[in-house]
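S.K.: after the sequence you'll find the predicted model.
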Amino acid sequence: MFSPLLISRILPENVATLSSHHETKEKVLSYSDASDVLRYAFTMTEAAIDHEYER
């Protein structure tokens, strides 16, 4: 089973990574909508957890 600590570390890292891209930041600010970024961050986190779980 995966650790909640692992999730609490990976998800913010993924959000920060996505938010560090200029194009992403501009899109979020101009549309006042971060839902795409959050959805993708959750997808990335889920993939990382699946990868960790497979070890």
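M.R.: Received it, and whenever you're ready, just let me know what you need.

S.K.: do I have it right that F42 meets V15?
M.R.: No - using Cβ atoms under 8 Å, F42 is not in contact with V15; the gap is 9.4 Å. From N, CA and C alone the C-beta is placed, and that goes for glycine too.

S.K.: now do the buried residues in the lowest-mean-pLDDT helix or strand in the chain.
M.R.: Scoring the helices and strands of the chain by mean pLDDT, DSSP states H and E places helix 35-54 at the bottom, with a mean of 85. Using 16 or more other Cβ atoms under 10 Å as the burial criterion, the residues of helix 35-54 that qualify are V37, A41, M44, T45, A48, I49.

S.K.: make TSV from those and add distance to S30 to it.
M.R.: Shown next, in TSV, are those (distance: Cβ to Cβ, whole Å):
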residue	distance to S30
V37	13
A41	19
M44	23
T45	25
A48	29
I49	32
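
S.K.: which of those sits closest to S3?
M.R.: Nearest to S3, judged by Cβ to Cβ, of the buried residues of helix 35-54 is I49 at 9.2 Å.

S.K.: what sits closest to the residue nearest in space to the middle of the chain if chain neighbours are left out?
M.R.: Nearest to the mean C-alpha position of the chain, by Cα atoms, centre = their mean, lies A41 at 2.1 Å. Nearest residue to A41, sequence neighbours excluded (Cβ to Cβ, 6 or more residues apart in numbering): N14, at 4.1 Å.

S.K.: with that, I have no additional questions.
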